[in-house]
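Colleague: I need the structure of the sequence given here:
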Amino acid sequence: MKIRLIDIAHARSGDKGDTANIGLIAREEIHYPILKKYVTAEKVKSFFGEMVKGEVERFELPNLGALNFLLHGALGGGGTKSLMIDAQGKTYAAALLRMEFEIEETV
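Modeller: Got it, this is the predicted structure:
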């Protein structure tokens, strides 16, 4: 079954220097295991491609039903240095919610 991330999660993003931070929160408790299984650091890195120059780290927050991603080297040096339109990474969450992927479970 193919699903869109926006159908099972909310997201927020921001910045710390040159690192974009994305919080991905399951819409319902039953969606958290799907996020945990299918939304890996590697898939997030691949999804953003050349936009992310460094590593992508993933942190699990099961008590919140959420994942947190740090996208290193994603902001062109950060808010005070970058010439990027979104130097604070505010649109990264909306972009990630456009991700689609195949799952085995029914939602």
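Colleague: Apart from its chain neighbours, what residue comes closest to Glu102?
Modeller: Closest residue to Glu102 apart from its sequence neighbours, by C-beta to C-beta, 6 or more residues apart in numbering: Lys2 at 5.5 Å. Every residue, glycine included, has its C-beta placed from N, CA and C.
Colleague: who are the neighbours of the helix or strand of the chain with the lowest mean pLDDT, in terms of helices and strands?
Modeller: Least confident element among the helices and strands of the chain, by mean pLDDT, DSSP states H and E: strand 9-16 (a mean of 88). Here strand 9-16 touches strand 19-26, helix 92-96, going by 3 or more C-beta pairs under 8 Å, 6 or more residues apart in numbering; DSSP states H and E.
Colleague: just the helices in this protein please.
Modeller: Applying DSSP state H to the chain gives helices spanning 32-38, 41-48, 92-96.
Colleague: got the buried residues for the first one?
Modeller: The neighbour-count check on helix 32-38 (16 or more other C-beta atoms under 10 Å) flags Tyr32, Ile34, Leu35, Lys36, Tyr38 as buried.
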